[in-house]
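Chemist: what follows is a protein structure lacking sequence information:
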Ligand code: HEM
């Protein structure tokens, strides 16, 4: 039952679990974890100081490398990741968040809108130039994958000519982090990517091969000021940003276009620009790119009547919370002009996604331009393949015809 939640289309299984209650013990998820299934439960857990964000320690134990000579590499990787903002509590968390917040301020995101529009138009131009209108093309490969990668490079201030390398490294890390039980190959590939990515970013900082107003240059200044504690901590934040920003945005773009084209009239309805913001929020709710997150109990306590023990893993199921009928009328219907604020797709509480504003702007630019330039866009296959990593929900490929 439990690991079944993490395979295939999860929503029917979430519903069955939620009908039985807000909390469940899943013995075979990561070697045993508590699953939270309701909007209120997930929201409360993400704000609960008894649940720590420090959760990378279990990797070494649950991994295929247990007992192997390569275990040291996994331990090194775990040490680096353990310093990333996503995986730390007070006092390191607010310190790192403060070091990064400046780059994410709304005025800076808004100032990037023109650049993002140019990247979007460039990708659309390339598809029009390379492929006649009658030929189908893979939207994920040609648009949803390169867009976040290009935007992220600019946001970080990387002057990379070879974006493909950063994309490949981020993907290896996301595969490892997204798997319930990573294989040895996935683990070693993630380790190699982390080392290569860190070396390259370190070189960029040392040789000042960076845009001065990008996030990495800001982190380097924070390091010099003592707000970021050393190069290893800085590199951990960069690695986190690269996997946190690429994969998630790609999945949102892919599933958004798939669901918008899946029913007559939805794509055309988006011609109305005022609908874009609420439509993106609803698409995030409907098929959240991140399906769950994790926390570790730092004391014994009771949660919805369950006895949580210190060290237990708790998984707030974001995908289940976003379809909770106690929060959303007609939760299993996609309603593009739904008026109910932000779903839990970006989390909440101290670790709420710092990139949410950037991602919303990027998605609005992308969908706005696609609808305007290709009003006749259509699915070229009814049943595209979904990715298997259970942490994420997204499409492997999506064939479209314009
Ligand atoms: C559709 C796109 C995205 C989704 C669904 C998403 C989702 C999330 C979620 C659920 C969390 C909270 C995790 C937790 O509490 O354990 C989070 C945190 C985070 N996200 Fe995103 N994210 C997206 C895009 C981005 C982008 C574009 C960036 C960077 C430019 C980014 C950077 C981060 C960072 C750094 C954190 C950690 C924040 C902290 O620990 O204080 N995300 N994201």
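Modeler: Received it, and whenever you're ready, just let me know what you need. These numbers come from a predicted model, not from an experiment. Residues are numbered from 1 along each chain as shown.

Chemist: going forward, measure contacts and count neighbours with C-alpha atoms only.
Modeler: Will do.

Chemist: kindly report the residues of the stretch 51-200 of the chain close to the ligand.
Modeler: 85-86, 97 (C-alpha under 6 Å from any ligand atom).

Chemist: can you flag which of those belong to helices?
Modeler: residue 97 (DSSP state H).

Chemist: give me the buried entries from the residues of the stretch 51-200 of the chain next to the ligand.
Modeler: Buried by 16 or more other C-alpha atoms under 10 Å: 85-86, out of those.

Chemist: between the residues of the stretch 51-200 of the chain next to the ligand, which sits nearest residue 323?
Modeler: Of all those, residue 323 sits closest to residue 86, with 24.6 Å by C-alpha to C-alpha.

Chemist: separation between that closest one and residue 238?
Modeler: 12 Å (C-alpha to C-alpha, to the nearest Å).

Chemist: next, the buried residues of the helix or strand hosting residue 219.
Modeler: Assigned by DSSP states H and E, residue 219 belongs to helix 215-224. For helix 215-224, a neighbour-count test (16+ other C-alpha under 10 Å) marks 215-220, 222-223 as buried.

Chemist: average pLDDT for that helix?
Modeler: Averaging pLDDT along helix 215-224 gives 96.

Chemist: for that helix, what is the distance to the chain centroid?
Modeler: Here the centre of helix 215-224 is set off from its chain's centre by 23 Å, with C-alpha atoms, centre = their mean, to the nearest Å.

Chemist: which elements pack onto that helix?
Modeler: Judged by 3 or more C-alpha pairs under 8 Å, 6 or more residues apart in numbering; DSSP states H and E, the packing partners of helix 215-224 are helix 92-101, helix 146-156, helix 184-206, helix 231-261.

Chemist: could you check the angle the longest one makes with helix 184-206?
Modeler: To tie it back to what came earlier, the one meant is helix 231-261. 120 degrees (axes from the mean of the first three to the mean of the last three C-alpha atoms, to 10 degrees).

Chemist: could you give the angle of helix 231-261 to helix 215-224?
Modeler: 150 degrees.

Chemist: and helix 231-261, anywhere near the ligand?
Modeler: Yes. Counting by C-alpha under 6 Å from any ligand atom, the ligand is contacted by helix 231-261 at 241, 244-245, 248-249, 252.

Chemist: how about the contacts made by the one residue in the stretch 1-150 of the chain that gets nearest to the ligand?
Modeler: Going by C-alpha to the nearest ligand atom, the ligand is nearest to residue 86 of the stretch 1-150 of the chain, at 3.3 Å. Neighbouring residues of residue 86 by C-alpha atoms under 8 Å, 6 or more residues apart in numbering: 53, 93, 240, 351.

Chemist: what's the burial count for the third one?
Modeler: Spelled out, that is residue 240. Residue 240 has 20 neighbouring residues, counting by other C-alpha atoms under 10 Å.

Chemist: and the nearest residue to it once chain neighbours are set aside, what's its pLDDT?
Modeler: Among residues not flanking residue 240 along the chain, residue 84 sits closest, at 6.3 Å (C-alpha to C-alpha, 6 or more residues apart in numbering). Reported pLDDT at residue 84 in the predicted model: 94.
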